[in-house]
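Colleague: 3D model of this:
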Amino acid sequence: MYDTLIIGAGMSGLAAGIRLAHFGQRVAILERHYTIGGLNSFYRLRGRNYDVGLHALTNITPKGTKKGPLARLLRQLRFSWDDLQIAPQNGSQIVFPDAKLAFTNDVELLRTEVARQFPSQADRFNKLVDQIVDYDDLTDEHQQLSAREVVSQQITDPLLVEMLFCPLMFYGSAREHDMDWGQFCIMFRSIFLEGLGRPFAGVRLILKLLVKKYRALGGELKLRAGVKRIVTDEARVVGVELEGGDLLEARRVMSSAGWCETMRLCDDGEPVTSRASGQLSFCEAIATLDVPPSTFDYHQTITFFNDSPDFHWTKPTGEMCDVRSGVICSPDNFGYDQPLGEEGTMRVTVLADQDRWMALDEPAYRLAKHRWWDRIIESSVRFVPDYRSRVIDTDMFTPGTIVRYTGHDNGAVYGAPEKQLDGTTHLDNLFVCGTDQGFVGIVGSIISGISMANMHCLRD
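Modeller: Residues are numbered from 1 along each chain as shown. The predicted structure follows:
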């Protein structure tokens, strides 16, 4: 009999497992895949290492900071700041046709940029920042508010509104066209008020730290252990049945599989259609270069781009990808103590139509990947130096890749639009953590696992 079974060995599941194992619970994390991390994982191809998912860690505050998500993560999981070996971003930018805003981990640069590009909006922007600083945490009330409506009450220039939403939506909005006000505040603080960083070794370091800590505390990690169903008795969970047929009993279950995905696993007949699955998925084109980007004078960590005054955050229609906007990230352009290596990397992420990608047979899928890699990279070089002549290797992931690594409906990176902020379900001892609980990004996912473990599994 386990105290807690955790479905999914992503960031939130691993964090929850560590927190519970700290307090002597018998915990097992069940992962249907052969590796850990979910979308935030890594792989090796043709002798090169690749991160999946991670562009940058958000919520990066300086060493010694006592408040904020990163400080809470370190304290609750008993890591030191130095364990993560985080290098801050060099600097990033939001690029639209008629305006450009640069930002770093010091919000004063963004204030200066807004005042330069939008002088009539400077005071309004500062008031918006003050409003967000005073914001405390996710609540059901804030989840119901439209961020566009709230922001437009302060910022009256539509172009500035679109530019602020672009990076926040790309890094954390499951809702098309808009964001919940609470989620907007969380993402604004995590990107603009706290900042971006990356471990020198990428996501591998974070996952290895989490697994090492979890196992050292006695936690069990079962790979290739997909859950076939969550076994219930009246209004309670009594355990799970694995795809291989094994039955595991538990006092409670925590799932990071996603809300709709978790509801489908329950064998009590509860309808799964109570809330909609997410619709927003991505393609990412990865280019390995023969030189670091700094060689051709590109030093930006991340470029968020959009080619018109209006930013469209919706599932593409009529095309497999929407290349009008996107995210260009160079993992080389962080403030490391030493270069990553003699080669360089450019990663370009755009919205994708998961239905079109998932409908392809294998030959058509491979051909589409080649064609869309070219189109995505072509779109990116409108906003950064043209690096195509430096490319020596390529790879690409699609909504199909996301489904394979995460199991999320539709390859929806940020899950369902409606979040379950307290993590509870219709069953007394079944809880959700991770993306569909309400926090996104690596730090957010880890905080979700910690919070749900503390709230639901350490009080009896």
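Colleague: So this protein: which segments form each domain?
Modeller: 2-82+202-276+417-456, 108-189, 279-406 (automatic domain parsing).
Colleague: for the shortest one, the distance to its chain's centre please.
Modeller: Domain 108-189 has its average C-alpha position 19 Å from the chain's average C-alpha position, going by C-alpha atoms, centre = their mean, to the nearest Å.
Colleague: Starting from the helix or strand of the chain with the lowest mean pLDDT, tell me the next helix or strand along the chain.
Modeller: Among the helices and strands of the chain, helix 140-144 carries the lowest confidence by mean pLDDT, DSSP states H and E, at a mean of 62. Using DSSP states H and E, the helix or strand that follows helix 140-144 towards the C-terminus is helix 147-154.
Colleague: May I have that next one exported as PDB, CA atoms only?
Modeller: Written as PDB, here are the backbone C-alpha positions of helix 147-154 (Å, rounded to 0.1, in the frame of the first residue of the first chain):
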ATOM      1  CA  ALA A 147      -6.500  40.200 -19.100                       C
ATOM      2  CA  ARG A 148      -7.100  42.100 -22.300                       C
ATOM      3  CA  GLU A 149      -9.900  44.100 -20.600                       C
ATOM      4  CA  VAL A 150      -7.900  44.800 -17.500                       C
ATOM      5  CA  VAL A 151      -4.700  45.800 -19.400                       C
ATOM      6  CA  SER A 152      -6.600  48.000 -21.800                       C
ATOM      7  CA  GLN A 153      -8.000  50.000 -18.900                       C
ATOM      8  CA  GLN A 154      -4.400  51.100 -18.200                       C
END
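Colleague: Spell out the residue ranges of the strands in the stretch 1-150 of the chain.
Modeller: 2-7, 27-30, 41-45, 48-52, 86-88, 92-96, 99-103 (DSSP state E, counting those that start in this stretch).
Colleague: Okay, now the unreliable bits of the stretch 51-200 of the chain?
Modeller: 135-143 (pLDDT under 70).
Colleague: And the helices in it, which stretches?
Modeller: Ranges of helices in the stretch 51-200 of the chain, per DSSP state H, counting those that start in this stretch, are 69-77, 107-117, 122-134, 140-144, 147-154, 158-170, 181-188.
Colleague: Of these, which is nearest residue 348?
Modeller: helix 158-170 (11.7 Å; C-beta to C-beta). Yep, even glycine has a C-beta here, placed from its N, CA and C like the rest.
Colleague: Determine the set of other helices and strands touching the closest one.
Modeller: Packed against helix 158-170 by the contact rule (3 or more C-beta pairs under 8 Å, 6 or more residues apart in numbering; DSSP states H and E) you find strand 92-96, strand 99-103, helix 147-154, helix 181-188, strand 302-306, strand 321-329.
Colleague: Rebuild the ones you listed as TSV, extending it with mean neighbour count and distance to residue 194.
Modeller: Converted to TSV, the helices and strands packed on helix 158-170 look like this (neighbours: other C-beta atoms under 10 Å; distance: least, C-beta to C-beta, whole Å):
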stretch	mean neighbour count	distance to residue 194
strand 92-96	22	13
strand 99-103	20	12
helix 147-154	16	18
helix 181-188	25	10
strand 302-306	24	15
strand 321-329	24	18
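Colleague: Save these as TSV, and put in distance to residue 429 too.
Modeller: As requested, the helices and strands packed on helix 158-170 are exported to TSV (distance: least, C-beta to C-beta, whole Å):
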stretch	distance to residue 429
strand 92-96	43
strand 99-103	44
helix 147-154	34
helix 181-188	27
strand 302-306	41
strand 321-329	39
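Colleague: that older thread, can you tell me which of the helices of the stretch 51-200 of the chain is nearest to residue 403?
Modeller: So among the helices of the stretch 51-200 of the chain, helix 158-170 is nearest, using C-beta to C-beta, at 19.8 Å.
Colleague: Quick one, which of the helices of the stretch 51-200 of the chain gets closest to residue 312.
Modeller: With respect to residue 312, and counting by C-beta to C-beta, the nearest of the helices of the stretch 51-200 of the chain is helix 158-170 at 9.6 Å.
Colleague: Buried residues, that closest one. List them.
Modeller: For helix 158-170, a neighbour-count test (16 or more other C-beta atoms under 10 Å) marks 159, 160, 161, 162, 163, 164, 165, 166, 167, 168, 169, 170 as buried.
Colleague: Ok, stretch 117-125 next?
Modeller: Residues of stretch 117-125 classed as buried by neighbour count (16+ other C-beta under 10 Å): 117, 118, 121, 124, 125.
Colleague: Which members of the residues you listed define the maximum pairwise distance?
Modeller: Farthest-apart pair in the buried residues of stretch 117-125 is 117 and 124; separation 13.3 Å (C-beta to C-beta).
Colleague: end-to-end on stretch 335-346?
Modeller: One end of stretch 335-346 sits 17 Å from the other (C-alpha to C-alpha, to the nearest Å).
Colleague: can you check stretch 336-348 too?
Modeller: OK, stretch 336-348 end separation, C-alpha to C-alpha: 21 Å.
Colleague: Show me the one of the helices and strands packed on helix 158-170 that comes nearest residue 364.
Modeller: Closest to residue 364 of the helices and strands packed on helix 158-170 is strand 321-329 (C-beta to C-beta; 15.0 Å).
Colleague: Strand partners (parallel or antiparallel) of the closest one?
Modeller: strand 302-306 (antiparallel), strand 344-352 (antiparallel) (DSSP bridges).
Colleague: out of the domains of the chain, which comes closest to residue 101?
Modeller: Nearest to residue 101, of all the domains of the chain, is domain 108-189, at 4.6 Å by C-beta to C-beta.
Colleague: Thank you, goodbye.
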